[in-house]
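Enquirer: return atomic coordinates for the entry below.
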Amino acid sequence: MSPYLLYAIDAVAIAVLTFALYFPRHRRRDLVVAFLGMNVGVIAVASVLAQSSVGAGLGLGLFGVLSIIRLRSNELSQYEVAYYFASLALGLLGGLGSSVGWLAVAGMALILLVMSLADSPRLFAAHRTAHVVVDRAVTDHGELVAHLEHLLGGRVHSASVERLDLANDTTWVEVRYRTDVAPSRPLPDALPTTPLEGPRHADLAVTR
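Expert: Below is the predicted model:
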């Protein structure tokens, strides 16, 4: 296969990944630049490596180091890391895949298909992850789960205490729950029956 045809296919693939899959779903503009820049940089260097005597392993190793530095420089969610490496893989297939022909194209299509399905808003749409600050120190796990279920209005599957502050009477917890299933535990008498209001609970952040 002509390398130029593969470059064009890579351009279409990264456009689909960035503008048809990632941005409509997550709306983070700075990562659009990162995905496009990473893909173009990878395909440019990979194309040079494919035509030179420098080992491809050395080039891939350099990209691995650069990727680690990039990923440690800013906080990324797990799905953003997946998009990041998908853009990198598309660039590698576009730059080094001319010798294997349509197999490289099939690899690009497979990456787009997997990202489209795995990051679909319909997949596990009712599952949530939240970091909650409870304005009291709750030492009993059952009471904590019951309180979180009534606070969040769903079934808690996992509640991991990140910090139990007895001095300031707060509990920091990471909770994973479903919104389409009713709470499984009755609320203890010592805890309120309605979600608490106030600046601490206003800090609650929810991610899918």
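Enquirer: drop to CA atoms for contacts and neighbour counts, all remaining ones
Expert: Noted.
Enquirer: so what pLDDT did D165 get?
Expert: pLDDT for D165: 88.
Enquirer: and it, its phi and psi?
Expert: The phi/psi pair for D165 (degrees, to the nearest 10) reads phi -100, psi 100.
Enquirer: care to break this protein down by domain?
Expert: Domain assignment of the chain by the TED database yields the ranges 3-119, 128-179.
Enquirer: how long is the longest one end to end?
Expert: Taking CA to CA, to the nearest Å, the span from the opening residue of domain 3-119 to its closing residue is 30 Å.
Enquirer: pLDDT on that domain, on average?
Expert: Per-residue pLDDT over domain 3-119 has a mean of 82.
Enquirer: hmm, back to that, tell me the most buried of the domains of the chain?
Expert: The highest average neighbour count among those, using mean count of other CA atoms under 10 Å, belongs to domain 128-179 at a mean of 18.
Enquirer: who touches G153 in this structure?
Expert: By CA atoms under 8 Å, 6 or more residues apart in numbering, the residues touching G153 are 179, 182-183.
Enquirer: leaving out chain neighbours, which residue sits closest to the most centrally placed residue in the chain?
Expert: Centroid-nearest residue in the chain: Y79, 1.9 Å away (criterion: CA atoms, centre = their mean). Using CA to CA, 6 or more residues apart in numbering and skipping the chain neighbours, the partner closest in space to Y79 is D119 (7.5 Å).
Enquirer: phi first, then psi, for the one you found.
Expert: phi -100, psi 20.
Enquirer: now swap in V133 and tell me
Expert: Backbone torsions for V133, taken as degrees, to the nearest 10, come to phi -110, psi 110.
Enquirer: that one contacts T170, correct?
Expert: Yes - using CA atoms under 8 Å, V133 is in contact with T170, at 6.8 Å.
Enquirer: looking at the chain, which helix is longest?
Expert: Identified as the longest helix of the chain according to DSSP state H is helix 29-51.
Enquirer: which helices and strands sit right next to that helix?
Expert: Applying 3 or more CA pairs under 8 Å, 6 or more residues apart in numbering; DSSP states H and E, one finds that helix 29-51 contacts helix 3-15, helix 56-73, helix 78-96.
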